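S.K.: have a look; sequence and predicted model below, questions after that.
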Number of protein chains: 2
Amino acid sequence: MKTIRLNEIEKIKMAMAGAERVYKQVPVSKKDGAPSFCFRVFTIEPGGHTPYHTHGFEHLNYVISGQGVLVDEHETMPPIAAGDFAIVLPGERHQFRNSSENSPFVIICAVPNEYE
Amino acid sequence: MKTIRLNEIEKIKMAMAGAERVYKQVPVSKKDGAPSFCFRVFTIEPGGHTPYHTHGFEHLNYVISGQGVLVDEHETMPPIAAGDFAIVLPGERHQFRNSSENSPFVIICAVPNEYE
């Protein structure tokens, strides 16, 4: 059993192609004994976005703060903001974009451990 | 792909023995196609707590709002508040208690699908 403060977790700028102004933290993971899935946090600065990509695993999301869009292939998704949830299934092409000019868009992105 | 507003999700009072003033919502689950794990949200009203119990699965937690304590067998855990994370491993006896007199203590509790 363990409690974790996010500001004590190392924050690393994402080097992945297509990621712009995105920082990653992993507050809860297999290093803490998590048997099957983990919580990552992405901070997307104004003007920033995650890669527009697909992958073979799902993610479950919660918006901690800010506002943005979960872009799909049709660009028809509604805006999301602090307090909202989302799910992206395996194989669905997607991207998270910050839609604010001033505030970071901070999201939990929970994935199976092997994709931490 | 789907986005979800928490206030559109059915909220049910927990009938489980040992749960006091606790309400459950399931914003993201296998019903949305989640292959392996799900996000539940528990709202623990002032004076309320989850059961003091153990189970054979883990949960990963995030505090959406309020303040409380994740009680362990030694009652030595630090208080947690909005923005904090926690993990409870399989077999660890635990309880979430609201420690505020006025505000609900609202947490995400993510578990493998079979324990939704």
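M.R.: On my side now, so go ahead.
S.K.: give me the number of residues near residue A:115?
M.R.: Counted with other Cβ atoms under 10 Å in any protein chain shown, residues neighbouring residue A:115 total 14. Bear in mind the C-beta positions are built from the backbone N, C-alpha and C, glycine included.
S.K.: typed the wrong thing, it's residue A:91
M.R.: 10.
S.K.: ok, the spatially closest residue to it that is not a sequence neighbour - contacts?
M.R.: Leaving out its chain neighbours, the residue that sits closest to residue A:91 by Cβ to Cβ, 6 or more residues apart in numbering or on different chains is residue A:54, at 5.6 Å. Shown in contact with residue A:54 (Cβ atoms under 8 Å, 6 or more residues apart in numbering or on different chains): A:91-94.
S.K.: please apply the same query to residue A:63.
M.R.: Here residue A:63 is in contact with A:80-86, A:105-107 (Cβ under 8 Å, 6+ apart).
S.K.: PyMOL command to pick out the buried ones of the contacts of residue A:54?
M.R.: The following PyMOL line selects those of the contacts of residue A:54 that are buried, judged by 16 or more other Cβ atoms under 10 Å in any protein chain shown:
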select buried, chain A and resi 92+94
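S.K.: what about the strands in chain A?
M.R.: A:2-5, A:12-13, A:20-28, A:37-49, A:59-65, A:67-71, A:79-81, A:84-88, A:95-98, A:105-112 (DSSP state E).
S.K.: make CSV out of those strands and add mean pLDDT and distance to residue B:48.
M.R.: Formatted as CSV, the strands of chain A follow (pLDDT from 0 to 100; distance: least, Cβ to Cβ, whole Å):
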stretch, mean pLDDT, distance to residue B:48
strand A:2-5, 96, 19
strand A:12-13, 98, 38
strand A:20-28, 98, 24
strand A:37-49, 98, 24
strand A:59-65, 98, 22
strand A:67-71, 97, 31
strand A:79-81, 97, 27
strand A:84-88, 98, 23
strand A:95-98, 98, 34
strand A:105-112, 98, 24
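S.K.: closest to residue B:32 out of those?
M.R.: Within the strands of chain A, the stretch nearest residue B:32 is strand A:84-88; the backing value is 5.1 Å (Cβ to Cβ).
S.K.: angle of the closest one against strand A:59-65?
M.R.: Angle of strand A:84-88 versus strand A:59-65, following axes from the mean of the first three to the mean of the last three Cα atoms, to 10 degrees, is 150 degrees.
S.K.: let's see strand A:84-88 as PDB, backbone CA atoms only.
M.R.: The C-alpha coordinates for strand A:84-88 follow below in PDB (Å, rounded to 0.1, in the frame of the first residue of the first chain):
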ATOM      1  CA  ASP A  84     -14.100  14.200 -17.800                       C
ATOM      2  CA  PHE A  85     -13.200  10.600 -18.700                       C
ATOM      3  CA  ALA A  86     -12.300   9.000 -22.000                       C
ATOM      4  CA  ILE A  87     -11.500   5.600 -23.400                       C
ATOM      5  CA  VAL A  88      -9.400   4.800 -26.500                       C
END
